[in-house]
Each structure stands twice: as C-alpha cells, then as structure tokens.
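S.K.: coordinates only, no sequence provided:
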C-alpha cells in the first residue's frame with residue numbers, strides 16, 4: 001500500500017461540484033492499493049499515519065502527530081499512485097489492485113483510522129476534485145512494503 005500524506009491547513013473533496021468532505025488542520029492521505037497488499041499493510045499504514053510526527057511544537061518543526069494535535073484525516077482512494085511510468089509515455093496501472101478488492105482495503109484502513117482520530121473520506125471510485133492548503137509544504141510518501149520490521153520513533 002502507498003500513502004501520499006500531506007500536512008494541511010484544510011482540505012476538501014468535491015464530486016460534481018458538491019463538497020462531500022472537508023477538514024481543517026490535519027492530514028490529507030491519498031491511498032493507493034497495489035496487487036499483493038494484505039491487511040497487515042493497512043494496519044502498518046494506519047499506525048504510521050496517526051503517529052507520524054509532522055506537526056510543529058515550540059522550537060521543533062516535526063514533533064507532534066495528527067492525534068496529538070486533535071487534527072482530522074481526509075482519506076481519498078488514489079489508484080494512480082500505483083502507476084508505473086518507466087516505459088513509454090502512458091502510465092501502466094497493472095500493479096493497481098482491482099477496484100472490487102481495493103475498496104475492501106480502503107474501507108478497512110479507514111475504519112482503523114476512525115478508531116483513533118476523526119476521519120472523513122472521498123467517494124471510492126468517483127471522479128473527485130481534491131483541493132487543499134498544504135501546510136509547509138509537507139508531503140511524504142509511505143510504502144508499506146518498505147516499512148521497518150520494528151519501527152522506532
């Protein structure tokens with residue numbers, strides 16, 4: 001699983017010119033689910049997302065997590081994160097999990113996050129307009145396949 005995480009002052013998802021979700025201070029997470037992902041990938045990413053220290057406190061730029069600041073998460077499915085651009089000029093999405101299977105992992109990840117912080121979502125599979133005010137900017141890519149076996153602070 002891939003998560004593109006952005007620290008935001010606010011973020012919004014619209015479908016057909018109607019806002020379906022909006023958050024203030026927190027994280028916008030674009031979630032890509034790839035073939036071979038398992039529930040442990042979702043568990044890893046959810047734990048990483050809520051505990052990632054990317055918010056400032058006093059003299060430290062990266063000291064608090066979204067949970068620490070009482071922030072929100074807006075999670076949006078993003079199959080194009082699985083795009084392979086190494087050959088030719090058109091990305092290949094053969095590594096992306098089928099929508100039917102990916103939706104289960106997206107919903108599972110969302111439920112894990114909701115147990116820890118307020119979470120809002122996009123609409124899985126819809127054409128969405130995502131807008132945000134990136135704070136910093138701070139943007140990080142987390143790949144569950146590259147996660148450490150024993151994560152440290």
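M.R.: Yep, that arrived. Remember, predicted model here, so these are calculated numbers, not experimental data.
S.K.: how about the secondary structure of the most far-flung residue of the chain relative to its centre?
M.R.: Relative to the centre of the chain, and counting by CA atoms, centre = their mean, the farthest-placed residue is residue 88 at 27.7 Å. Secondary structure, DSSP: H, G, I helix; E, B strand; the rest coil: residue 88 is coil.
S.K.: what values do phi and psi take at it?
M.R.: Taking degrees, to the nearest 10, you get phi 60, psi -160 for the backbone angles of residue 88.
S.K.: also residue 50?
M.R.: phi -70, psi -20.
S.K.: ditto for the one 5 residues further on
M.R.: Backbone dihedrals for residue 55, given as degrees, to the nearest 10, come out at phi -110, psi 140.
S.K.: repeat that for residue 104.
M.R.: phi -60, psi -40.
S.K.: so what's the residue positioned nearest the centre of the chain up against?
M.R.: For the chain, the residue nearest the mean C-alpha position is residue 29 (2.3 Å; CA atoms, centre = their mean). Shown in contact with residue 29 (CB atoms under 8 Å, 6 or more residues apart in numbering): 3-6, 49, 73-76. Any C-beta I mention is one placed from the backbone N, CA and C, and that applies to glycine too.
S.K.: surely residue 10 and residue 132 touch.
M.R.: Yes: Residue 10 is within contact range of residue 132, at 6.9 Å (criterion: CB atoms under 8 Å).
S.K.: looking at the chain, which helix or strand is least sure?
M.R.: strand 60-64 (a mean of 93; mean pLDDT, DSSP states H and E).
S.K.: direction included, what does that one pair up with?
M.R.: strand 55-57 (antiparallel) (DSSP bridges).
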